[in-house]
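S.K.: structure here, sequence nowhere to be found:
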């Protein structure tokens with residue numbers, strides 16, 4: 001089978017198409033023919049060496065497809081079932097072994113490309129809005145990268161919970177997408193000369209001087225200070241990613257001076273560690289899709305163009321979800 005190796009830590013150029021043996025599933029695993037694999041920033045962190053990894057390794061951890069074989073002890077799934085997953089290493093491939101613990105049943109009526117676009121970004125948007133800072137009616141959220149895969153889903157979920165969204169984007173095209181997802185106000189950060197100074201001022205003007213209840217920040221280094229300055233007293237900064245780089249250590253006393261605010265750095269694994277919770281989040285998302293939640297697939301690349309997909313993602317040239325199609 002074909003797969004994508006990261007041969008060493010580096011840029012997109014280290015991604016290489018390789019032929020690997022088609023390994024049977026082990027106990028508690030299902031062998032899946034991959035319909036589409038999700039491309040995520042965590043893949044670039046692993047490829048680039050930000051997160052420690054062994055090299056070479058098959059990149060990717062998210063996707064959806066059809067079960068072709070089940071391993072010993074598997075009773076929950078059978079050949080022919082459609083499944084999705086957020087955490088099966090080696091997903092940039094034609095076939096992958098998925099632990100049953102991570103396999104999510106895909107309901108009838110949900111196509112596999114939509115299913116592949118939901119597990120990581122969709123469940124991230126779900127835990128952010130339903131659990132880390134559970135949005136209530138009237139809450140105002142600042143969502144960075146509002147036209148990205150998480151941003152578009154998160155905006156819709158916040159609005160569905162009765163919240164209001166102020167988003168940040170880079171272009172007019174992305175502003176339109178963010179507004180279509182439900183953002184009331186959209187700020188183009190590329191038009192600001194000093195993001196750290198100007199963004200909090202604009203946010204306070206849009207909130208009658210109060211600041212937002214929560215900032216959902218997946219950008220990291222470039223936005224962190226502006227996010228902190230945009231909060232109301234006792235608001236919460238939820239830092240869930242670092243697409244612009246990781247936030248350096250900072251003095252916790254700044255949380256005091258910013259208004260006794262909270263800061264947290266969550267990750268999806270801790271919000272899906274229990275299988276019942278994983279299945280609840282996934283089922284809630286699939287129900288929302290059936291109820292009109294828009295899952296935007298911005299670009300699809302052939303498997304062999306994984307390097308181009310990574311370059312587009314890191315170059316902020318994408319909107320919505322990016323998929324690799326074997």
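M.R.: Cool, got the structure. Since the structure is predicted, the reported quantities are computational estimates derived from the model, not experimental observations.
S.K.: okay, CA-based contacts and neighbour counts for the rest of this
M.R.: Fine.
S.K.: buried ones in stretch 110-126?
M.R.: By neighbour count on 16 or more other Cα atoms under 10 Å, the buried set for stretch 110-126 is 112-126.
S.K.: should've said stretch 131-143
M.R.: 133, 135, 136, 139, 140, 141, 142, 143.
S.K.: and if you look at stretch 259-266?
M.R.: 260, 261, 262, 263, 266.
S.K.: could those residues go into a markdown table alongside distance to residue 72 and secondary structure?
M.R.: Output for these, formatted as a markdown table (distance: Cα to Cα, whole Å; DSSP: H, G, I helix; E, B strand; the rest coil):
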| residue | distance to residue 72 | secondary structure |
| --- | --- | --- |
| 260 | 53 | coil |
| 261 | 50 | coil |
| 262 | 46 | strand |
| 263 | 44 | strand |
| 266 | 34 | coil |
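S.K.: strands - which of the buried residues of stretch 131-143 land there?
M.R.: Per DSSP state E, strands hold the following members of those: 140, 141, 142, 143.
S.K.: quick check: chain neighbours aside, which residue is closest to the first one?
M.R.: Read that as residue 140. residue 164 (4.7 Å; Cα to Cα, 6 or more residues apart in numbering).
S.K.: isn't residue 200 right next to residue 226, touching?
M.R.: Yes - in this structure, residue 200 is within contact of residue 226 by Cα atoms under 8 Å, at 5.9 Å.
S.K.: now tabulate the ones in strands among the buried residues of stretch 131-143 in TSV and tack on distance to residue 95.
M.R.: Below are those laid out as TSV (distance: Cα to Cα, whole Å):
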residue	distance to residue 95
140	43
141	39
142	39
143	35
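S.K.: and which of the residues you listed is nearest to residue 20?
M.R.: Distance to residue 20 across these (Cα to Cα) is lowest for residue 143, with 40.7 Å.
S.K.: please name the nearest non-neighbouring residue to that closest one.
M.R.: Using Cα to Cα, 6+ apart, the nearest residue to residue 143 is residue 167, at 4.6 Å.
S.K.: secondary structure of the one you found: a strand, I assume?
M.R.: Yes - counting by DSSP: H, G, I helix; E, B strand; the rest coil, residue 167 falls inside a strand.
S.K.: and stretch 206-219, end to end?
M.R.: Counting by Cα to Cα, to the nearest Å, you get 21 Å between the two ends of stretch 206-219.
S.K.: what residues does that stretch touch?
M.R.: 128, 133, 139-145, 200, 203-204, 223-224, 227, 230-233, 235-245 (Cα atoms under 8 Å, 6 or more residues apart in numbering).
S.K.: looking at these, which are in strands?
M.R.: Using DSSP E, those in strands are 140, 141, 142, 143, 231, 232, 233, 235, 236, 237, 238, 239.
S.K.: where is the longest helix in this structure?
M.R.: With secondary structure taken from DSSP state H, the chain has its longest helix at helix 275-290.
S.K.: what packs against the helix or strand following it?
M.R.: Per DSSP states H and E, the first helix or strand lying C-terminal to helix 275-290 is strand 297-302. Secondary structure elements in contact with strand 297-302, counted by 3 or more Cα pairs under 8 Å, 6 or more residues apart in numbering; DSSP states H and E, are strand 321-325.
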